[in-house]
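> here's a sequence, model it:
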Amino acid sequence: MKQKIPVTVLSGYLGAGKTTLLNHLLSNKQNLKIGVLVNDMSEINIDAQLVEQGGLKRTDEKLIQLENGCICCTLREDLIVEIDKLADLDIDYILVESTGISEPIPVAQSFTLQEDVLGIDLSAKTRLDTMVTVVDAGSFWHDYQSGETLLDRQQEAVEEDEREISDLLLDQIEFADVILLNKIDQLVQEEVNQLYSLLHTLNPDAAIHQTTYGKISPDLVLDTNTFSFEKASQSAGWVKELNHEHIPETEEYGIASFVYRNRRPFHPERWMNWLEQWPKEVVRSKGFFWLASRPNTSGLLSQAGQSLTLEAAGPWVAAYSEEDQKQLRAEDSELDSRWHPVFGDRMTEIVFIGIKMNEEKIMHELDLCLLTDEEIKQDFTALEDPLPAFV
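Here you go, the predicted structure:
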């Protein structure tokens, strides 16, 4: 029986150096017969042309171009079909270069979930081995703090693609097994060290390598046997903090993280006022919150750079019927252990990751947003709520 073909996926924002890395790997492929799938969103597939012009399309390599789209959306079916074709060839390895605007999770799902419509199960022929994200050290902070969307930069995959660039960068960083901090020659060493520390805080499980021109030993990104969907889904620093796995601070560069927890709900007006004065030293924040005026729904806050979103995370268990509450508490010992006699599972838990944050000041300001002793005795669900409706 033929062994499953290992696959490495290269992700990273536009211009980070994915194609340079791809060319480097193909030039140092250590006798592997590699199938290459290049995905580019432009009509003229420049990335694929670069690979071809570099003399890298040989008889023992299969190069397939996916054009006019993005792996994570319009071309996911194409990705599955073409990988399925590659897997039937006499090759040892598959390299996938996703477009700079691709989110990695849907790409990974293509290898782990059966595609019912197409009737293709890639997991029968292939094994997702490594998710690599290339980060452009020189432009990371500019892109992350820009506050721009893909639409603003005319880089959208489809019309009205209003994803924030900072959110996309985080998606790519937080889901990676291996992060290449590329173009480090554009920064002084202290700046490189600080960015490295931040990446480690954002994704403590990832192996992080500093590179120039994508030059790295192939064995660090090929056949590493590191990918696990479950592990990748829990690898983000904010998830670990919520799970009480604190990430040690890198005091030398001011990188730190903490969790704000409280059983009282936020006053909607005071909470909104605080959000509008978001502390600039916080670069990443995510977690759940209880808003007094919305007692049945858990709120989810997600902040990346200048992008901040509030959405519904689902109903609180305390909003269920008493019978359902008892059943769920019996099935979930953790839920039962943190159940409040009055408020149930309602509480706020938000992770903050930043540089030179004043944790005490932020905690104090958030405490002032909570309902007071007098307010909590009243019908706080009727408080005026200026916040936008949850998505």
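
> what comes into contact with the strand or helix carrying Ile208?
Assessed by DSSP states H and E, Ile208 sits inside strand 207-210. Under the criterion CB atoms under 8 Å, 6 or more residues apart in numbering, residues 177-181, 184, 192, 196, 199-200, 216, 220, 226 lie in contact with strand 207-210. Where you see a C-beta, it was placed from the backbone N, CA and C, and this is true even at glycine.

> and that strand, how far out from the chain's middle?
A distance of 17 Å separates the centroid of the chain from that of strand 207-210, by CA atoms, centre = their mean, to the nearest Å.

> what is the neighbour count of Asn203?
For Asn203, the neighbour count with other CB atoms under 10 Å is 26.

> nope, Arg294 is what I meant
For Arg294, using other CB under 10 Å, the count is 20.

> go on, Ser27?
11.

> what's the lengthiest strand in the chain packed up against?
Among the segments of the chain that qualify as a strand by DSSP state E, the longest is strand 126-136. Judged by 3 or more CB pairs under 8 Å, 6 or more residues apart in numbering; DSSP states H and E, strand 126-136 is in contact with strand 5-11, helix 18-27, helix 104-112, helix 165-174, strand 178-182.

> now the angle between helix 18-27 and it, please.
130 degrees (axes from the mean of the first three to the mean of the last three CA atoms, to 10 degrees).

> next, the angle from strand 126-136 to strand 5-11.
Angle of strand 126-136 versus strand 5-11, following the same axes, to 10 degrees, is 20 degrees.

> between strand 126-136 and strand 178-182, how many degrees?
Using the same axes, to 10 degrees: strand 126-136 against strand 178-182 is 30 degrees.

> in the helix or strand following strand 126-136, what counts as buried?
On the C-terminal side of strand 126-136, the closest following helix or strand by DSSP H and E is helix 140-144. Neighbour counts using 16 or more other CB atoms under 10 Å place Phe140, Trp141, Asp143, Tyr144 of helix 140-144 among the buried residues.

> check the gap between the residue nearest the centre of the chain and Gly12 for me.
In the chain, the C-alpha nearest the mean C-alpha coordinate belongs to Asp171, at 2.1 Å (CA atoms, centre = their mean). Taking CB to CB, to the nearest Å as the measure, Asp171 falls 11 Å from Gly12.

> equivalent analysis for Asp167, please.
Counting by CB to CB, the gap from Asp167 to Gly12 is 15 Å.

> out of the two, which sits in the busier spot?
Neighbours per residue (other CB under 10 Å) separate Asp167 from Gly12, with Gly12 holding more: 27 against 19.

> quick one, grab the pLDDT at that one.
In this model, Gly12 is scored at 87, pLDDT.

> who are the contact partners of it?
Lys18, Gly100, Val132, Thr133, Val134, Val135, Asp136, Gln172, Leu180, Asn182.

> ok, and the closest non-adjacent residue to it?
Val134 (3.4 Å; CB to CB, 6 or more residues apart in numbering).

> doesn't Ala16 make contact with the one you found?
Yes. Val134 is within contact range of Ala16, at 4.2 Å (criterion: CB atoms under 8 Å).

> for the stretch 251-391 of the chain, what spans make up the strands?
Ranges of strands in the stretch 251-391 of the chain, per DSSP state E, counting those that start in this stretch, are 255-262, 282-289, 297-304, 307-315, 348-355.

> save those strands as JSON lines, and put in mean neighbour count and mean pLDDT too.
Putting these into JSON lines (neighbours: other CB atoms under 10 Å; pLDDT from 0 to 100) gives the following:
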{"stretch": "strand 255-262", "mean neighbour count": "19", "mean pLDDT": "90"}
{"stretch": "strand 282-289", "mean neighbour count": "21", "mean pLDDT": "91"}
{"stretch": "strand 297-304", "mean neighbour count": "20", "mean pLDDT": "92"}
{"stretch": "strand 307-315", "mean neighbour count": "15", "mean pLDDT": "91"}
{"stretch": "strand 348-355", "mean neighbour count": "21", "mean pLDDT": "91"}
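
> below-threshold pLDDT in this protein: ranges please.
For the chain, applying pLDDT under 70 flags the ranges 1, 39-76, 114-117, 149-162, 237-253.

> tell me the buried residues in the helix ranked longest in the chain?
As assigned by DSSP state H, the longest helix anywhere in the chain is helix 189-202. In terms of neighbour count (16+ other CB under 10 Å), helix 189-202 has its buried residues at Val192, Asn193, Gln194, Leu195, Tyr196, Ser197, Leu198, Leu199, His200, Thr201, Leu202.

> got it, and stretch 273-282?
Trp274, Val282.

> before we move on, back to that, partner strands of the longest strand of the chain, parallel or antiparallel?
Sheet partners assigned to strand 126-136 using DSSP bridges are listed as strand 5-11 (parallel), strand 178-182 (parallel).

> looking at the buried residues of helix 189-202, which is nearest Ser235?
Of all these, Ser235 sits closest to Leu202, with 9.5 Å by CB to CB.

> ok, back up a step: contacting residues for the residue nearest to Gly12?
Here Val134 is in contact with Leu10, Ser11, Gly12, Ala16, Gly17, Lys18, Leu21, Ile179, Leu180, Asn182, Gly214 (criterion: CB under 8 Å, 6+ apart).

> make TSV out of those and add distance to Arg261.
Listed next are the contacts of Val134 as TSV, based on distance: CB to CB, whole Å:
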residue	distance to Arg261
Leu10	38
Ser11	33
Gly12	34
Ala16	36
Gly17	40
Lys18	39
Leu21	41
Ile179	29
Leu180	35
Asn182	37
Gly214	42
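
> and the helices in the stretch 201-350 of the chain?
Remark: helices assigned in the stretch 201-350 of the chain by DSSP state H, counting those that start in this stretch are 229-233, 237-242, 268-275, 322-331, 333-337.
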